[in-house]
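>>> Build the 3D model from these lines:
(one chain, ligands or ions: 1)
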Amino acid sequence: MKTLNDFNFNNKKAIIRVDFNVPLDENFKVTDNTRIEAAKPTIDKIINEGGSVILMSHLGRPKGVEEKYSLKHILAETEKVLGRNVKFAKDCIGNEAVELAANLKAGEVLLLENLRFYTEEEKGDVAFAQKLANLGDIYVNDAFGTAHRAHASTTIIAQFFSGKKCFGNLLAKEIESIERVLNNSEKPVTAILGGSKVSSKITVIENILDKVNHMIIGGGMTFTFIKALGGKIGNSICEDDKLELAIEILKKAKEKGVQIHLPVDVVAADAFSNDANTQVVDVKQIPDGWQGLDSGPKSLEIIKRIILDSKTILWNGPLGVFEMESFANGTISLGNYIAESTQNGAFSLVGGGDSVAAVKQFGFEPKMSYVSTGGGAMLEMLEGKTLPGIAAILND
Ligand code: AMP
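Next up, the predicted model:
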């Protein structure tokens, strides 16, 4: 795996695919600069070695050129985060970009306009990718959030940099973290899968059954399993067309020696509302008209024991409807257990969509070993797929 350490960037122009798809408010001010901060170590390393940097990214989903998606809105924030001046090319290809790139001196940074102002970007157009490629000497991919897309700037461009392409620090960290959980793990390994649906996680479950010792099932997907096992789930969320699949998963897990832990109790509510009446009930005895919306105390005790005994932990999906305060306890408790286990030396990876949101919301981010920056990309890696953006750098 080639990283920044395999190159000397002195007097070289690095063209870096970053993920600066940051949220903006109605005045086009950046409301969360995490993604810019995340790219800083890569940029700093290249600059400190005497190189210069050309940054390329998408922002939003523009249909053609749309002012509101211009990357000029994030220029000031990028300068603030990097602590240096940043030049801006009003078009990501064409004369101005070529000239600005050609005149870039060591230590300078150039930001290109939104790549998605061209439909060629998402189509993976080769001629467009070549025009981008001509701007730099070495290609660096540091955008995990788009690594599962075969777009011009994330994948196709790499073919023009034989022997001159590598992963940035952020992308390398993502790959190492997932490797450490799936292929290089210290046992026991525990995966916690929550969230709303079995159907969206099925490929992940199937792929990781070969890699884990314990699988904790929580959140809304619990009830498809419980119903399949003959339990009474009241109004709880359930995918009736996945009942057989649930039984199949339990069978496969048993064959592979994986211990699956389903909840034993839940916090049930009489409505899908923060103000609903609640009671703790046996997970197989949810009364008619009630629905399970969070983990119960006995289930949490079991989860705590497993997490504290684990050496490697993967967390994907919340244990309850954490967006409502009344049903956030399970997810917060789990965060605390993982934080404690991590402090005791376990490696913990949080990835894929809503668990990352929950971890950030409840302040657990610094207490986890690694929190992934790419929702869809992380899910695809957990499914065992090779992402095109990663393959394009590995196949050199
Ligand atoms: P996912 O995107 O599949 O990871 O699902 C995340 C969503 O699952 C969150 O918005 C949670 O509110 C929701 N969720 C978690 N537990 C439950 C539950 N018991 N019933 C309904 N939705 C749930």
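
>>> And whichever residue of the chain sits closest to the ligand, how close does it get to Lys211?
Here the chain gets closest to the ligand at one residue, Gly195, 2.5 Å apart by Cβ to the nearest ligand atom. All C-beta spots, glycine's among them, are computed from the backbone N, C-alpha and C. Gly195 is 19 Å from Lys211, where distance means Cβ to Cβ, to the nearest Å.

>>> cool, and Gly330?
24 Å.

>>> same question, Val181
8 Å.

>>> what residues do the two have in common as contacts?
Val189 (Cβ atoms under 8 Å, 6 or more residues apart in numbering).

>>> neighbour count winner among the two?
Shown here are Val181 and Lys211; by other Cβ atoms under 10 Å, Val181 has more neighbours (26 against 18).

>>> What strand or helix carries that one?
helix 169-182 (DSSP states H and E).

>>> ok, now Asn11?
Judged by DSSP H and E, Asn11 forms part of no helix or strand.

>>> so it sits right up against Lys105, yeah?
No: Asn11 is not in contact with Lys105 according to Cβ atoms under 8 Å; the separation is 9.5 Å.

>>> quick check, the least confident helix or strand in the chain by mean pLDDT touching the ligand?
When each helix and strand of the chain is scored by mean pLDDT, DSSP states H and E, helix 354-361 comes last, with a mean of 87. Yes: Helix 354-361 comes into contact with the ligand (Cβ under 6 Å from any ligand atom), by way of Asp354.

>>> that older thread, ok now the helix holding Val181, how far from the chain's centre?
Relative to the mean C-alpha coordinate of its chain, helix 169-182 is positioned 11 Å out (Cα atoms, centre = their mean, to the nearest Å).

>>> Residues contacting the helix or strand that comes right after it, please?
Using DSSP H and E, the next helix or strand after helix 169-182 towards the C-terminus is strand 189-193. Contacts to strand 189-193, defined as Cβ under 8 Å, 6+ apart, come from residues 181, 201, 204-205, 208, 211-219, 221, 303, 306-307, 310-317, 319, 334.

>>> please redo it, this time with the cut-off set to 7 Å
By Cβ atoms under 7 Å, 6 or more residues apart in numbering, the residues outside strand 189-193 that reach it are 201, 205, 208, 211-218, 306-307, 310, 312-317, 334.

>>> and the ligand, which of those contact it?
Gly317.

>>> Select from the contacts of strand 189-193 every entry located in helices.
With DSSP state H as the criterion, helices contain 205, 208, 306-307, 334 from among the contacts of strand 189-193.

>>> the helices in the chain, which residues?
34-48, 75-82, 95-102, 119-123, 126-133, 169-182, 202-208, 222-228, 243-256, 297-309, 329-343, 354-361, 375-382, 388-394.

>>> Spell out which parts of the stretch 101-250 of the chain neighbour the ligand.
Counting by Cβ under 6 Å from any ligand atom, the stretch 101-250 of the chain comes close to the ligand at 195-197, 200, 219-220, 237.

>>> which of those are buried?
195-197, 219-220, 237 (16 or more other Cβ atoms under 10 Å).

>>> Identify the farthest-apart pair in these.
Gly195 and Ile237 (10.5 Å; Cβ to Cβ).

>>> Need the residues touching each of those two.
The contact lists of Gly195 and Ile237 share Gly220, where a contact means Cβ under 7 Å, 6+ apart.

>>> Can you pull the poorly scored residue ranges out of the stretch 251-396 of the chain?
Applying pLDDT under 70 to the stretch 251-396 of the chain flags residues 353.

>>> ok so, going back, between Asn11 and Lys105, which has more neighbouring residues?
Asn11 (12 against 8).

>>> Would you agree Asp270 is in contact with Asn277?
Yes: Asp270 lies in contact with Asn277 (Cβ atoms under 7 Å); the separation is 4.8 Å.
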